[in-house]
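Q: predicted model, plus sequence, below.
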Protein chains: 2
Amino acid sequence: MKSTINVVMVDDHKLIRQGIKSLLLGHDHIQVVHEAANGLEIVQWFKEERNELPVHVVLMDMQMPKLNGWETTETLLKMNRNLKVLGLSSYDDEEFIKQFIRSGGRGYLLKDQEIEEIVDAIEDIFETGFYFSHRVPIEKLKEYIKIRDISPNIRYTTLTKHEIKIVKLICEELSTQEIADALFLTKKTIETHRSHIWSKLKIKNMAGLVRYAVKNKIVKA
Amino acid sequence: MKSTINVVMVDDHKLIRQGIKSLLLGHDHIQVVHEAANGLEIVQWFKEERNELPVHVVLMDMQMPKLNGWETTETLLKMNRNLKVLGLSSYDDEEFIKQFIRSGGRGYLLKDQEIEEIVDAIEDIFETGFYFSHRVPIEKLKEYIKIRDISPNIRYTTLTKHEIKIVKLICEELSTQEIADALFLTKKTIETHRSHIWSKLKIKNMAGLVRYAVKNKIVKA
DNA sequence: TTTAATATCAGGGTAAACCCTGATTTATTA
DNA sequence: TAATAAATCAGGGTTTACCCTGATATTAAA
């Protein structure tokens, strides 16, 4: 008989959480022991309310407000290095997956794939420590996995709260001048913030920024 | 005993389709008789392979590639005016819901809500013909429902295929000149297309365009 | 405590975005 | 067939975005 795998689910859409949970009900050796709607919630739960309940695998959506998937992963692994985090996403964006692996993620699944794969993935990540969907370009990723093992704390890009506020307003179609007026700052200040954002995110223009913002749930599309 | 409600599901994420289906398994009077990954698939199915199987409710994701939720709704209703289409979305964007209702949608659900609501919604839309989530600003929507009953064929915005190609390239952070070079056209031509897109979508700049493109799955975020 | 990051602002610049009017050709639809 | 929409291009315009360098005060981290 297979030993029981305790799974925790993190996704901001309750319907999806419940749906996947319901799919896993047919597999007795997989137990969903807790669920959370975002990164902050799950970090809080691990910190305070867990009551020594063993958790083997975390099923984590990448696109979440507040703390996104990889930010949350990094935080959780600081508390428990043995945790296996399985990323779940609509996007097979390479940069995205890279970030996640740098943060310590051990597997990645795409939402538009076969359902059986989620069960396979949970089993594999529990037994071997890794699982990557065949749609993920694994060869390229191996490099990142190595890098992470040598130097586990590679920085990922973070924007400051002022920068995030400006990103939001850019996405609302406000011009630099309008943003300056809205925040009681000069146009030049906003321009400086903009150029910092540009170089941090390595984007060329507004279009790249908006896609970043949507991907990271700074704004809704 | 309640009579059986035959439901068809349209969503581009198999995992979500299966999840919801699995949730509905506990409710014997609701039968998921078919599922499809996008608008084209379901239109095709209704046209050719249905074999007179009665369909009462269509559960339709709004954000899909190829044919999106409301475009598909409009097409399906041309074939069968009695079909009740229940929209499913991550977004409570008013413009979005408006488009859907103009196309003949009869109900709207948000993905981050309680699961029981999906069962209620299917039952309500089947019995009364309407269901709107309490998170949807129903008062405003009543106007659109009326308008639709008087003049059912209000135009929604459509971009031409050339325009869509340009939208994609703008989202890839290409400048007007770069797009012109890529498509072997002059800069002026691209500018004209741009200005048409701007006025069709009533947006102010690139930021608005990218959000439109992501919302309508012209590009991934 | 020293370093590094954050937040504020300025001058001066080029290239790109965005807006107007206007025109021709070719499809498509009524 | 007539009308409409799509696709191509042009001139000439203003405004905004984006890129340099450089400065200063505050705050957070090593």
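A: Sure thing, it's come through. Residues are numbered from 1 along each chain as shown, chains lettered A, B, ... in the order given.

Q: going along the chain, name the helices of chain A.
A: A:14-24, A:39-44, A:69-79, A:94-102, A:116-127, A:138-150, A:161-171, A:176-183, A:187-201, A:206-215 (DSSP state H).

Q: from what I can see A:Pro54 touches A:Asn6, true?
A: Yes. Using CB atoms under 8 Å, A:Pro54 is in contact with A:Asn6, at 5.7 Å. For every residue, glycine as well, the C-beta is placed using N, CA and C.

Q: who's more crowded, these two?
A: Applying other CB atoms under 10 Å in any protein chain shown to A:Pro54 and A:Asn6 shows that A:Asn6 carries more neighbours, namely 16 against 10.

Q: surely that one and A:Val58 touch.
A: No. A:Asn6 is beyond contact range of A:Val58, at 10.0 Å (criterion: CB under 8 Å).

Q: for A:Tyr131, which non-adjacent residue is closest in space?
A: Spatial nearest neighbour of A:Tyr131, excluding adjacent residues (CB to CB, 6 or more residues apart in numbering or on different chains): A:Gly107 at 3.6 Å.

Q: quick check, pLDDT for the residue lying farthest from the centre of chain A.
A: The centre of chain A is farthest from one residue, A:Thr186, which by CA atoms, centre = their mean lies 34.6 Å away. Note for A:Thr186: predicted pLDDT of 94.

Q: and for A:Leu83?
A: Confidence score, pLDDT, at A:Leu83: 88.

Q: ok, now which ones touch it?
A: Residues in contact with A:Leu83 (CB atoms under 8 Å, 6 or more residues apart in numbering or on different chains) are A:Val55, A:His56, A:Val57, A:Val58, A:Leu76, A:Leu77.

Q: test of understanding: give the bridge partners of the fourth one.
A: Read it as A:Val58. Note on A:Val58: beta-bridge partners by DSSP bridges are A:Val8, A:Val85.

Q: circling back: who wins for neighbours among the contacts of A:Leu83?
A: Neighbour-wise, the contacts of A:Leu83 (other CB under 10 Å) top out at A:Val58, 28 neighbours.

Q: got a list of what that one touches?
A: Counted by CB under 8 Å, 6+ apart, A:Val58 has contacts A:Val7, A:Val8, A:Met9, A:Val10, A:Ile42, A:Thr73, A:Leu76, A:Leu83, A:Lys84, A:Val85, A:Leu86.

Q: repeat that for A:Ala180.
A: Here A:Ala180 is in contact with A:Thr186, A:Lys187, A:Thr189, A:Ile190 (CB under 8 Å, 6+ apart).

Q: in TSV, list these along with distance to A:Ile97.
A: Formatted as TSV, these follow (distance: CB to CB, whole Å):
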residue	distance to A:Ile97
A:Thr186	40
A:Lys187	38
A:Thr189	35
A:Ile190	33
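
Q: what parts of chain A come near chain B?
A: Applying CB under 8 Å from any CB of the partner chain, we find that chain A lies next to chain B at A:12-16, A:18-20, A:22-23, A:25, A:37, A:90-91, A:93, A:111-115, A:118, A:170-173, A:175, A:203-211, A:214-215, A:219-221.

Q: buried subset of those residues, written for ChimeraX?
A: Of the residues of chain A next to chain B, the buried ones go into a single ChimeraX selection, burial set by 16 or more other CB atoms under 10 Å in any protein chain shown:
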select /A:12,13,14,15,16,18,19,20,22,23,37,90,111,112,113,115,118,170,171,173,203,206,207,208,209,210,211,214,215,219,221
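
Q: can I get the contacts of A:Leu83 in TSV with pLDDT and distance to A:Glu48?
A: Shown next, in TSV, are those (pLDDT from 0 to 100; distance: CB to CB, whole Å):
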residue	pLDDT	distance to A:Glu48
A:Val55	92	14
A:His56	92	20
A:Val57	94	21
A:Val58	94	17
A:Leu76	86	14
A:Leu77	84	18
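
Q: closest one of the residues you listed to B:Arg50?
A: A:Val57 (40.6 Å; CB to CB).

Q: give me the contacts around stretch A:31-48.
A: A:4-12, A:14, A:17, A:21, A:24, A:50, A:53, A:55, A:58, A:64-69, A:71-72, A:75-76, A:79-80, B:112.

Q: can you get me the start-to-end distance on it?
A: End-to-end distance for stretch A:31-48: 21 Å, by CA to CA, to the nearest Å.

Q: and stretch A:86-102, by the same measure?
A: Terminal residues of stretch A:86-102 are spaced 13 Å apart (CA to CA).

Q: what sits against the residue most central in space within chain A?
A: With distances taken as CA atoms, centre = their mean, chain A has A:Gly69 as the residue nearest its mean C-alpha position (1.6 Å). By CB under 8 Å, 6+ apart, A:Gly69 lies in contact with A:Val10, A:Gly39, A:Met60, A:Asp61, A:Met62, A:Gln63, A:Gly87, A:Leu88, A:Ser89, A:Phe100, A:Gly105.

Q: how about stretch A:185-202, which residues are buried there?
A: For stretch A:185-202, burial by neighbour count (16+ other CB under 10 Å) applies to A:Ile190, A:His193, A:Arg194, A:Ile197, A:Leu201.

Q: tell me which two of the residues you listed sit farthest apart.
A: Pairwise distances across these peak at 16.2 Å for A:Ile190 and A:Leu201 (criterion: CB to CB).

Q: where does chain A dip in pLDDT?
A: A:1-2, A:66, A:92-95, A:114-115, A:133-157 (pLDDT under 70).

Q: for DNA strand D, what are the nearby residues on it?
A: With CB under 7 Å from any atom of the strand as the criterion, chain A meets DNA strand D at residues A:Ser175, A:Thr176, A:Gln177, A:Glu191, A:Thr192, A:Arg194, A:Ser195, A:Trp198, A:Lys204, A:Asn205, A:Met206.

Q: neighbours around the residue nearest to the fourth one when sequence neighbours are not counted, how many?
A: Closest residue to A:Glu191 apart from its sequence neighbours, by CB to CB, 6+ apart: A:Thr176 at 6.0 Å. The criterion is other CB under 10 Å. On that basis, A:Thr176 has 17 neighbouring residues.
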